[in-house]
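Peer 1: Next one to model:
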Amino acid sequence: MVSFYRAAGDGLRLRLKVRPQARRAAIDGVVPDIEGEALAVSVTAPPEDGKANAAVVALLARAWKLPAASFAVVQGATARRKLVSITGDPGTLAAIIEAWRSSRA
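Peer 2: Residues are numbered from 1 along each chain as shown. Presented below is the predicted three-dimensional model:
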């Protein structure tokens, strides 16, 4: 199965399934997706004027202790399925995500 993240030249690309206007903000875990896996993320923000996208970025940045400025929604800005990039060393970023993933197992 294809992981929810992959290396790109300047960092990583993440495949997300976002649920806006949820009761609580949380990273819900890895779920099956058309292309393999996606990271399910719930945010309390509404899907208007980029509020949900900003909430997703803030949540991921806080969870992984990375600067929010290193995240960008590169595909699916108005959709629930998104492709998000994280700028940085791909190996270091992958290690951060795998450590987070292991801590949740």
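Peer 1: and the helix or strand hosting Ala38, average pLDDT?
Peer 2: Assigned by DSSP states H and E, Ala38 falls within strand 36-42. Mean per-residue pLDDT for strand 36-42: 96.
Peer 1: Send me it as PDB with only the CA atoms.
Peer 2: In PDB, the C-alpha atoms belonging to strand 36-42 read as follows (Å, rounded to 0.1, in the frame of the first residue of the first chain):
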ATOM      1  CA  GLY A  36      -3.200   3.900  -1.000                       C
ATOM      2  CA  GLU A  37      -3.300   5.800   2.300                       C
ATOM      3  CA  ALA A  38      -4.400   9.200   3.400                       C
ATOM      4  CA  LEU A  39      -4.100  11.000   6.700                       C
ATOM      5  CA  ALA A  40      -7.500  11.800   8.200                       C
ATOM      6  CA  VAL A  41      -7.700  15.200   9.800                       C
ATOM      7  CA  SER A  42     -10.600  16.800  11.600                       C
END
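Peer 1: In terms of secondary structure, what does the helix or strand just after it contact?
Peer 2: Remark: after strand 36-42, the chain's next helix or strand is helix 51-64, criterion DSSP H and E. When contacts are defined as 3 or more C-beta pairs under 8 Å, 6 or more residues apart in numbering; DSSP states H and E, helix 51-64 packs onto strand 11-19, strand 26-33, strand 36-42, strand 71-75, strand 81-87, helix 90-103. Every residue, glycine included, has its C-beta placed from N, CA and C.
Peer 1: Give me the contact list for helix 51-64.
Peer 2: Residues outside helix 51-64 that contact it (C-beta atoms under 8 Å, 6 or more residues apart in numbering) are 14, 16, 18, 20-21, 25-27, 41, 43-46, 66-68, 70-71, 73, 77, 82, 84, 96-97, 100.
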